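Student: make a model of this:
(4 chains)
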Amino acid sequence: MKRRSFMIRSVALAALLAASGAQAAEKLRLLTWADYTPKEVVDAFTKETGIEVEITVSNNEEMISKLRATQGAGFDLAQPSQDRITGPQAEFGIYKPLDLSKLDTKLFIGSMLEATKKNTTLEGKVYGLPHIWGTDGLVVNTKAAPGVKDYLDLCGAEVAGKASLRAKRPTLIAFAFAMGMDPFAAYGNEKSYGEMMEKVGAKLTECKKNLKFFWEGKDALLAGLRAGEVTAAMAWDTGGWKLNGETPEIKFIAPKSGALGWVDTFAIPAKGRNDDAAYKWINFNMRPDVAAKVAASAGNFTASAGADKLAAGKLKDQFAESFPQAAIDNIKWYPAVPAGLEAIEGKILDKVKAAN
Amino acid sequence: MNKASLSYRLYILAFYLFLFAPLVSVAVFAFNASLFPAPPWKGFTVEWFTGTGALFGKPGIFRDPAMLAAFLNSLKVAIPVTLLSIVIGTANAFLLERREFPGKALLSMMMLWPLVIPGVILGISILAFSSRIANALETWLNMDLDFLRPGLFLVILGQLSFILTISTLIIGARLKKFDRSLEEAALDLGASRLRVLTTITLPFLKPAMVGAGLVALLMSFENFNTTLILVGSDAPLPIYMYGQMREGATPALNAASLVLMLGAGFLATLVALVSPRKEA
Amino acid sequence: MSQVADLALLGVTKDFGGHKAVNDVSFEVAPGEFFSILGPSGCGKTTLMRMIAGFEHPSAGDIVIRGQSMLGVPANRRPVNMVFQSLALFPMMTVGENVGYGLACAGISKAEAGPRITRILDKVGLGGFADRPVTRLSGGQRQRVAIARCLVLEPTLVLLDEPLGALDLKLREHMKLELKQLQAAFNTTFVYITHDQSEALVMSNRVAVMNHGRFEQVGSPRELYHHPATSFVAGFVGDTNIFSGEVTGARAAGIGIRLSTDVELAGSGSASGQAKAYLRPEAVALAGSVSELSALPNRFAGTVSTVLFDGAASTLVIRADKFPMLRATLPQAGPLAGIEAGAPIAFGFTAEALKVFSARGV
Amino acid sequence: MGRRLALFLLLAPAVLWIGLLVILPHVEIAILSFSQRVAARVYTFGFANYLEFLAEPVYWRTFARTALLSILVTLITLVISFPVALYIAKFARGKSKPVLFLLCLIPFWASELVRTLGWMMLLRETGILSHFLQAIGVIGRPVEFLYNDGALVLGLVYGGMLFMIVPLTNALESLETAQIEAGYDLGGSHLTVLRRIIIPHAMPGIVAGSIVVFMLTVGNFVTPVMLGGKNGLWFTEQIYSQFITRFNWPQGSAFGFMLLLLSTVIVWIGLRLTGQGFSETLRRS
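Tutor: Model prediction:
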């Protein structure tokens, strides 16, 4: 008797759960970065359009990986960085071309839209639109490590055991620039690019003893900086400014060899089921008032035209402090990565991580 | 037997300290009124369980929608896994204990195999295989088969692939101990085969079935390696917690861990209670 | 047996891949009879019983219950119930549920089954035990539950598969009587299998002695005891001295047999060549001197080697020149009652008491 | 006819499970591991992935490191657990016996993630151990105990102990105390009794425990990722990273196959050396 009622209850519960997963309401499945979807923006969107937004937080590699595993299914809109679109698209075909006619292109900063379109075009079709942009540079506790001015300083004695990096491709690029090379110029030549990366890998391996850890998630790094376990790290401007607000001596510094400029985009996965909602979300997000809110939440800049006028004053001040005009001019914007280069980089990163 | 020497007993004491140090740390610091699960002790609080987020900027686990969603995802996986491991485990037990067929030795050996396959490999192999099936079906039938793509359905399959081995072993061991003359006695008293099954054999197996179910529930809730590979956008609790850990832990994680430990302890106690006493 | 037999086996054979566990067995059991099948373990009696119950199917022959062939009738449709060696009480049920199980299977309503269960439990002396879990009963009580569980269904035939095997000696003795009384009270036909000859002899109307898949002899306990038809029966049923030797030829009273110890005895039987001779201890007459035994064809003088005192079952082990070691029952009344080891003694026996069978096949 | 159908129905779930969730997926990664990229979306049959594994020191060094460290972890786990199992089986009396045994199971109830979190809290620079040692004056400033091979081995040993203690205790329980006493009685020292009587008797438990601990260690993911930090990878991380961060499934499959091979071979050697059977060993543990 008891057994039966237990079974019935379990089955009922399972059925209930299954049913709750299969609600009929229109939904936008969004694959994005942390902090790009402040609650008030999502709520406003749902209120205006009746579309629910299901958010999955991720990063470049995982976005591509998830879409690769599903052949571009499972999500209706993704936000990879602009340089990481054409390579995976050529390899796996995980995105669908954008229909620019459905977009209100006037909402974008013109030059940025054109640059991004150019970088995300494959066989004449556009796959990405700019959304949020920012830079990679150094976050430094200026009291504990006043001497850190460039990437290579992370390997210096001043921050021994207290430096941190990501074991990801931006680090390779940054170190290449810091070592006086130009990786972007070598994009076209796999061989010379490979040799360059070998050098960078050797440098990073040597530098490894200086590192506290390879950071993965932004919050882990910030926690380390707050606690004083880390005094200098290569990181996004956002994190630096966020900490700067709490602890004035922690600053984001544009490195001498140049900050790396990135643009996160909107791209529609190949088997997205709700393109209309995706376009609605893009248009909604690029409205200056909405974009300003998103930018504030992410702590970065937006590609929405006119939103910067609405941006919080503090971010502007911090930007001004981190980026004198010369540093702005020195920002290295990522060009699209040709298919195949990521394999070279991956191997170098594996080597660096595995080295003792 | 002689009494153990003092140094031996000190070793045992040290061992148990070692055993419990990490768990006690996790549990204690769930109540630290601080943003970080680390010393110094800043006072006792239950904010990390029931707080609204006003105090630390992050809500307690019982009010954190993301945490609750992860828990719900875990349930969506664990319940089917539990039920299926009971049902299929029982069928397998009957197959192995009661039937003779060609290839039986091979099959029973294969059933043990998943126990020695690393979870990550179970994950990638199922991912690769289901992805091939889905691609093939899509080209032939022009049909989207989302359930064959990373997601909770694949997680269920991935966990089943090795949890079934365990449930089969548990239920099979009990069936092996079953005295067949009980079934014959029931038949002899006029019962139909179905009636024998439902009134004699299954009630005898019940403790093992419940035990296997509880073990499956526990393992499903805690599985990480296989799930990590197969998970789609809905992260079950361990995957969600892993993400949080990489982002830098807050005491909310300790709180969630404590709840998990208590839940697991409760389940394990149930297992101990339902499992038939071992003859010493 | 003028009425229709409750159970009749006609040439039943069971072949397990070339090994004949049961070989051409035929017999009939009359209504109300207590019929035992006695044999050593491995003789095929369990297989035979399982065929009657319906758990095995004969390779040849027919099993007929009250005139109906049981071939093709599954176990759960036969008017036969079995008490298992292990008793096979359902451990997850109470006494009442165990007894009521068959009634429930037969679709009898709870209202009707309740009083029947109570009645049968009263009858087997377990009144008031209905709600007890069976796991909390003593051995004898479990035994009675197992029997009540069968009897409540009022079957034509109850099969009992060595049900007393697991009990200790005292209880076994007690249960023998109780089983016999129960059988008499219910007047149900019992077919009982055992390897314990005492159980078979005490309880049964008739006993079949089984060996190597065949029936050696079927008869009343008395017949089996006093007139064994085969060497096996003579050796298996009751306590006995066994000698081997060679038949020397016919004599006035029976036949002569020369034992390997080179002594010639007068025996009875129709054997020839190598032979075995069986002599029951109580058939040995004891006396102070050989002359007192002059009426007996076989008489010897010897000494008491050991006294095995066991009350009324006390025996002597006797040694005599050229004679194999012999056990003889020592009456606890009479002049020899207090005899000690080492004392001289004379013994003898009739030719009728010494059963001689040809040795082959044993 | 009915029995045939019943057999078929009973066989179906088992065959589906083993076929669709175990065998065919492994066939799939075997096939994948032999496909090599020619150009975008063009693959052919070839050994490139295995050659890459052999040619690239990073990969086979990680592989060897994982194998060696796993063996080391297994040995340490055995050495640490044996006295505990012996104590539970032979020295603990009355109620303390089941209590001590159950206490060993508790860390297993908590998930691997929770255990790892606990060690991270204890070992990190701002963690409990560092604080404690500073408070009692052993160290002058915070010390990092995390993100090194020591922490990694510690975490793995901790995770494996239960799987060693349970089979060891079971094996030692069946050793008659009288045998040990006879050993001493006949003049044996602690060491000879241990070597000649206790360890041979516990051998099935030792093998079962070692195999399970080795398997769990080699296939572990969370502990190396979280505790091991920057110094050296675990081979499962390589597989994960080929699949998830490099999107290179063929390479990941080849790695997966290598790991499967490694674990199978080591388990086989272990069984061979000690003359134990696979099924019995698994059932025992």
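Student: chain B contacts on the stretch 101-250 of chain A?
Tutor: A:216-224, A:227 (C-beta under 8 Å from any C-beta of the partner chain). In short, each C-beta sits where N, CA and C put it, glycine included.
Student: among these, name the buried ones.
Tutor: A:216-224 (16 or more other C-beta atoms under 10 Å in any protein chain shown).
Student: surely residue A:38 touches residue A:293?
Tutor: Yes: the pair residue A:38 and residue A:293 passes the contact test of C-beta atoms under 8 Å, sitting 5.8 Å apart.
Student: more neighbours: which of the two?
Tutor: Each of residue A:38 and residue A:293 has its neighbours counted (other C-beta atoms under 10 Å in any protein chain shown); residue A:293 has more, 20 against 15.
Student: quick one: contacts for the closest residue to chain D within the stretch 201-350 of chain A?
Tutor: Minimum separation of the stretch 201-350 of chain A from chain D (C-beta to the nearest C-beta) falls at residue A:346, amounting to 4.4 Å. Residues counted as contacts of residue A:346 (C-beta atoms under 8 Å, 6 or more residues apart in numbering or on different chains) are D:241, D:245-246, D:248.
Student: using CSV, lay out those together with neighbour count.
Tutor: Formatted as CSV, those follow (neighbours: other C-beta atoms under 10 Å in any protein chain shown):
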residue, neighbour count
D:241, 22
D:245, 21
D:246, 22
D:248, 23
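Student: for chain A, give me the ranges with low pLDDT.
Tutor: For chain A, the stretches with pLDDT under 70 are A:1-25, A:308-313, A:356.
Student: the residue of the stretch 201-350 of chain A closest to chain D - that's part of a helix, no?
Tutor: Yes: under DSSP: H, G, I helix; E, B strand; the rest coil, residue A:346 sits within a helix.
Student: three-state assignment of residue D:52?
Tutor: Going by three-state DSSP: residue D:52 is helix.
Student: what helices and strands are in contact with the helix or strand in which residue B:195 is found?
Tutor: For residue B:195, the element it lies in under DSSP states H and E is helix B:193-196. Contacts defined by 3 or more C-beta pairs under 8 Å, 6 or more residues apart in numbering or on different chains; DSSP states H and E place helix B:193-196 against helix B:180-188.
Student: now do the helices in the stretch 51-200 of chain D.
Tutor: All helices of the stretch 51-200 of chain D, identified by DSSP state H, counting those that start in this stretch, fall at D:57-86, D:96-109, D:112-123, D:128-135, D:149-173, D:177-185, D:190-193, D:199-218.
Student: out of the ones you listed, which one sits most buried?
Tutor: Of all the helices of the stretch 51-200 of chain D, helix D:112-123 has the most neighbours on average by mean count of other C-beta atoms under 10 Å in any protein chain shown, namely a mean of 25.
Student: now do that helix: which elements does it pack against?
Tutor: helix B:6-28, helix B:237-246, helix B:251-274, helix D:128-135, helix D:149-173, helix D:222-223.
Student: okay if I get those helices as TSV plus distance to chain A and mean pLDDT?
Tutor: Output for the helices and strands packed on helix D:112-123, formatted as TSV (distance: least, C-beta to the nearest C-beta, whole Å; pLDDT from 0 to 100):
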stretch	distance to chain A	mean pLDDT
helix B:6-28	17	91
helix B:237-246	4	86
helix B:251-274	11	84
helix D:128-135	10	86
helix D:149-173	9	89
helix D:222-223	13	90
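Student: need those helices in TSV (columns: distance to residue D:58).
Tutor: Shown next, in TSV, are the helices and strands packed on helix D:112-123 (distance: least, C-beta to C-beta, whole Å):
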stretch	distance to residue D:58
helix B:6-28	32
helix B:237-246	23
helix B:251-274	32
helix D:128-135	32
helix D:149-173	17
helix D:222-223	21
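Student: nearest to chain C, out of these?
Tutor: Comparing those by C-beta to the nearest C-beta, helix B:251-274 comes nearest, at 13.3 Å.
Student: now the closest one, how far from the centre of its chain.
Tutor: Counting by C-alpha atoms, centre = their mean, to the nearest Å, helix B:251-274 is centred 12 Å from the centre of its parent chain.
Student: do any residues in that helix lie close to chain D?
Tutor: Yes: on the criterion C-beta under 8 Å from any C-beta, helix B:251-274 is in touch with chain D at B:253-254, B:257, B:260-261, B:264-265, B:267-268, B:272.
Student: now a ChimeraX select for only the buried ones of those.
Tutor: Applying 16+ other C-beta under 10 Å to the residues of helix B:251-274 next to chain D leaves a buried subset, and the ChimeraX line that selects it is:
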select /B:253,254,257,260,261,264,267,268
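Student: so which of the residues of helix B:251-274 next to chain D comes closest to residue B:55?
Tutor: Distances from residue B:55 to those, taken as C-beta to C-beta, are shortest for residue B:254 (15.6 Å).
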